[in-house]
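In: no letters, just coordinates:
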């Protein structure tokens, strides 16, 4: 459910700066040491689940693919990095032609996962893969947390329909991502029209209209709200040279994995 697959007229800006500076300095060091083209494998997994939680729910894979596709360094971004003295010229020249040419494997969105489950696997050269660490973790941590919370609510609701309407409680762009993740987790509609437009989620509205008192502060406590950030723990990003842990075959997308000689398959 990424925007390219849906064919929706919403452009995604460059995601090249959705990263930490040290990712770029690691790239610069790798280029200098001659290890930039070394084959590398990164796995995303969660170390543990919150107490009382039996599973997590994967969400954000489509948004990750959008982010990787748009992870490009244009002249404006390169000038910013140059003026701040963050990188040397050889590294900037390398970034000017950056395109991720590796492979990304992972659980389908809406699938459950457990501690140690490799929910996403990124294969490529060290230089091209390491730059994606922060943006991938940012998307998967947020979206999977919301989807896990939504899944628990969907189980509790049974056959009753669920509406997502959290746009007033978070950043406007986070609200769109949260609507999408809630839909993946089992919600039926959203009140956020941007989410409906961008991801084709059915929009709806509650039978309620604003009143003058709604803008007046009140001492009356608000009803408890779901806190998606607590629904799933932070994921970890660990480089590996071989496949160290496996999920059941049914947990993986229906595709064939062809490992390279440098990453021998030990299972699956």
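Out: Received, thanks. Computed from a predicted structure; not experimentally measured.
In: drop to CA atoms for contacts and neighbour counts, all remaining ones
Out: Noted.
In: burial count for the closest residue to residue 112 other than its chain neighbours?
Out: Of all residues not flanking residue 112 in the chain, residue 57 sits nearest, at 4.5 Å (Cα to Cα, 6 or more residues apart in numbering). By other Cα atoms under 10 Å, 28 other residues sit near residue 57.
In: which strand or helix spans residue 147?
Out: helix 133-157 (DSSP states H and E).
In: from the contact counts, what lies against that helix?
Out: Applying 3 or more Cα pairs under 8 Å, 6 or more residues apart in numbering; DSSP states H and E, one finds that helix 133-157 contacts strand 56-57, helix 61-69, helix 172-185, strand 235-240.
In: try it again with 10 Å
Out: Judged by 3 or more Cα pairs under 10 Å, 6 or more residues apart in numbering; DSSP states H and E, helix 133-157 is in contact with helix 21-33, strand 39-46, strand 56-57, helix 61-69, strand 112-113, strand 120-125, helix 172-185, strand 235-240.
In: any idea which of these gets closest to residue 195?
Out: When these are compared by Cα to Cα, helix 172-185 sits nearest residue 195, at 4.8 Å.
In: tell me what angle that closest one forms with helix 61-69.
Out: Put simply, helix 172-185 runs at 130 degrees to helix 61-69, going by axes from the mean of the first three to the mean of the last three Cα atoms, to 10 degrees.
In: determine how far helix 172-185 lies from the middle of the whole chain.
Out: 11 Å (Cα atoms, centre = their mean, to the nearest Å).
In: what does the helix or strand following that helix rub up against?
Out: Later in the chain than helix 172-185, the nearest helix or strand by DSSP H and E is strand 189-190. Here strand 189-190 makes contact (Cα atoms under 10 Å, 6 or more residues apart in numbering) with 161-167, 176, 178-180, 182-183, 195-196, 201-206.
In: out of the helices and strands packed on helix 133-157, which is closest to residue 131?
Out: Taking Cα to Cα, helix 21-33 is the member of the helices and strands packed on helix 133-157 nearest to residue 131, at 5.6 Å.
In: give me the buried positions along the closest one.
Out: Of all the residues in helix 21-33, those buried under the rule 16 or more other Cα atoms under 10 Å are 23, 24, 25, 26, 27, 28, 30, 31.
In: mind checking how far that helix is from the chain centre?
Out: That offset, for helix 21-33, works out to 23 Å (Cα atoms, centre = their mean).
In: and the angle from that helix to helix 133-157?
Out: For helix 21-33 against helix 133-157, the angle by the same axes, to 10 degrees is 140 degrees.
In: neighbouring contacts of helix 21-33?
Out: With Cα under 10 Å, 6+ apart, helix 21-33 has contacts from 17, 35-38, 81, 86-92, 94-95, 126-134.
In: from those, which land in helices?
Out: Per DSSP state H, helices hold the following members of the contacts of helix 21-33: 81, 89-92, 94-95, 126-130, 133-134.
In: of those, just say which sits nearest to residue 188.
Out: Nearest to residue 188 among those: residue 134, at 30.3 Å, using Cα to Cα.
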